[in-house]
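1. show me how the following folds:
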Amino acid sequence: MPQYEYRGTSRSGQQVSGTRTAPSREALDAVLRREQITPTRIVEKGREIAIPKPKVAGKVSSKELAIFTRQFSVMIDAGLPLVQCLEILSSQQENKAFQRALAGVRATVESGSTLANALRQYPRIFDDLYTNMVEAGETGGILDTILQRLSSYIEKAVKLRRAVQSALIYPVSVVVIAGGVVVLLLWKVVPIFATLFAGLGVDLPLPTRIVISLSNFIGTFAPVFIVLGIAGFFGMRYWYRTPQGRMAIDSLILKLPLLGVLMRKIAVARFTRTLGTLITSGVAMLEAMDITARTSGNAVIEKAIITVRKAIETGRTIVDPLRETGVFPNMVVQMIGVGEQTGALDAMLQKVADFYEDEVDAAVGDLLTAMEPMIILFLGVVVGGVVISMYLPLFSLIGKLAG
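-> Take a look at the predicted model:
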């Protein structure tokens with residue numbers, strides 16, 4: 001059996017390397033990924049040239065992946081050979097990056113590799129959840145069924161993502177536009193009124209003096225604010241990529257008054273849907289927990305799932321560790337406990353996911369309904385306050401002229 005030298009990146013971002021014995025490069029690749037190591041280079045010992053891992057430029061959306069998976073499952077169910085399915089689907093893809101990736105997968109499968117290992121060559125398109133479920137389908141001879149579950153899972157994940165976007169885009173866009181209007185008024189319009197009032201020698205009321213002072217401040221320090229804003233944005237992005245920053249920001253998001261409740265429901269729906277889909281597809285419990293943690297989308301939820309996984313590894317049931325984390329609602333813990341006791345954990349997880357996805361839809365509507373009057377009030381107070389403060393001296397001047 002040949003020996004391979006490898007280099008890769010661990011889950012924490014550290015560089016690891018070493019030598020392993022494996023039947024093939026694809027087999028070692030699969031073993032390293034199960035150990036949460038993403039290989040960047042695998043070379044058979046004694047050979048100078050490594051087989052490069054293919055890279056695909058461009059992005060493949062979740063919607064495109066869901067459509068491909070649904071078509072793939074139908075073709076497999078119809079009895080078409082695997083290579084022919086990949087060839088047909090590759091030729092039909094409009095996304096060039098996805099087309100090249102599928103052509104590469106087809107070539108690898110033709111050379112004798114399994115479909116799961118061929119898909120692992122493109123981790124930016126096919127994540128661990130996808131490849132592990134495909135591997136379980138190949139092993140159990142139910143690839144068409146697994147692909148159907150995968151397509152349903154991806155479609156529901158897209159629906160959740162759209163729920164988050166619809167909850168955030170409207171208030172954020174309104175606040176940004178309102179802020180831009182206020183800055184424009186203070187920067188360009190207010191100085192014109194200030195010059196007019198200085199020429200007329202009118203006594204300015206307090207609100208007008210405050211607005212003119214803000215205008216002078218913004219006119220003087222606007223470049224500084226722009227630079228600080230850009231620096232703060234990139235600094236926050238860099239901090240969020242660190243474990244400490246990601247944990248702090250994700251924890252803060254879950255504690256927000258209205259948005260935090262929605263994000264917690266989304267996290268619970270994603271956790272139960274992912275874990276239920278993996279268990280139903282025959283993935284081992286500990287490996288399913290690993291994949292679920294990596295795809296949770298929130299550092300707090302990920303830490304809780306890892307804690308539960310460690311407890312299960314020591315022989316405990318899933319219920320008590322879930323309750324001890326304090327992250328998951330009591331109803332979710334109770335339903336999972338019932339599912340575990342009755343031997344229907346996968347079905348119970350899917351039911352919980354369905355319930356919470358409906359809760360997310362309702363929460364999005366409630367959030368938008370609650371935020372709409374607050375946004376209108378914000379616009380009225382801020383924009384209206386600036387405009388009225390500029391007209392107060394004119395009202396006073398008109399009153400004196402009339403007298």
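
2. tell me where the stretch 151-300 of the chain has helices.
-> 190-200, 206-240, 243-255, 259-280, 285-294, 299-313 (DSSP state H, counting those that start in this stretch).

3. adding mean neighbour count and distance to Tyr130 as columns, could you present the ones you listed in JSON lines?
-> No exception for glycine: its C-beta is placed from N, CA and C like everyone else's. Output for the helices of the stretch 151-300 of the chain, formatted as JSON lines (neighbours: other C-beta atoms under 10 Å; distance: least, C-beta to C-beta, whole Å):
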{"stretch": "helix 190-200", "mean neighbour count": "14", "distance to Tyr130": "56"}
{"stretch": "helix 206-240", "mean neighbour count": "13", "distance to Tyr130": "25"}
{"stretch": "helix 243-255", "mean neighbour count": "15", "distance to Tyr130": "23"}
{"stretch": "helix 259-280", "mean neighbour count": "23", "distance to Tyr130": "11"}
{"stretch": "helix 285-294", "mean neighbour count": "20", "distance to Tyr130": "10"}
{"stretch": "helix 299-313", "mean neighbour count": "19", "distance to Tyr130": "18"}
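
4. who wins for proximity to Glu135 among those?
-> When the helices of the stretch 151-300 of the chain are compared by C-beta to C-beta, helix 285-294 sits nearest Glu135, at 10.2 Å.

5. just the CA trace of that closest one, in CSV.
-> Extracted in CSV, the C-alpha atoms of helix 285-294 (Å, rounded to 0.1, in the frame of the first residue of the first chain):
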residue,chain,number,x,y,z
MET,A,285,-24.5,10.0,14.6
LEU,A,286,-21.1,11.5,15.6
GLU,A,287,-20.2,12.3,12.1
ALA,A,288,-23.6,13.8,11.5
MET,A,289,-23.1,16.0,14.6
ASP,A,290,-19.8,17.2,13.2
ILE,A,291,-21.3,18.2,9.9
THR,A,292,-24.2,19.8,11.6
ALA,A,293,-21.9,21.9,13.7
ARG,A,294,-19.9,23.1,10.7
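
6. so the residue nearest the centre of the chain versus Glu138, what's the distance?
-> Nearest to the mean C-alpha position of the chain, by C-alpha atoms, centre = their mean, lies Gly297 at 5.2 Å. The gap separating Gly297 from Glu138 is 28 Å, by C-beta to C-beta, to the nearest Å.

7. what's the answer for Pro123, then?
-> From Pro123 over to Glu138 (counting by C-beta to C-beta), the distance is 18 Å.

8. now Ala311: closest residue in space that isn't a chain neighbour?
-> Nearest non-adjacent residue to Ala311, counting by C-beta to C-beta, 6 or more residues apart in numbering: Pro321, 3.7 Å away.

9. what helix or strand is the one you found on?
-> Under the criterion of DSSP states H and E, Pro321 resides in helix 319-325.

10. quick one: low-confidence ranges for the stretch 301-403 of the chain?
-> Applying pLDDT under 70 to the stretch 301-403 of the chain picks out residues 400-403.

11. can you give me the helices in it?
-> Per DSSP H, counting those that start in this stretch, the stretch 301-403 of the chain carries helices over the ranges 319-325, 330-342, 345-402.
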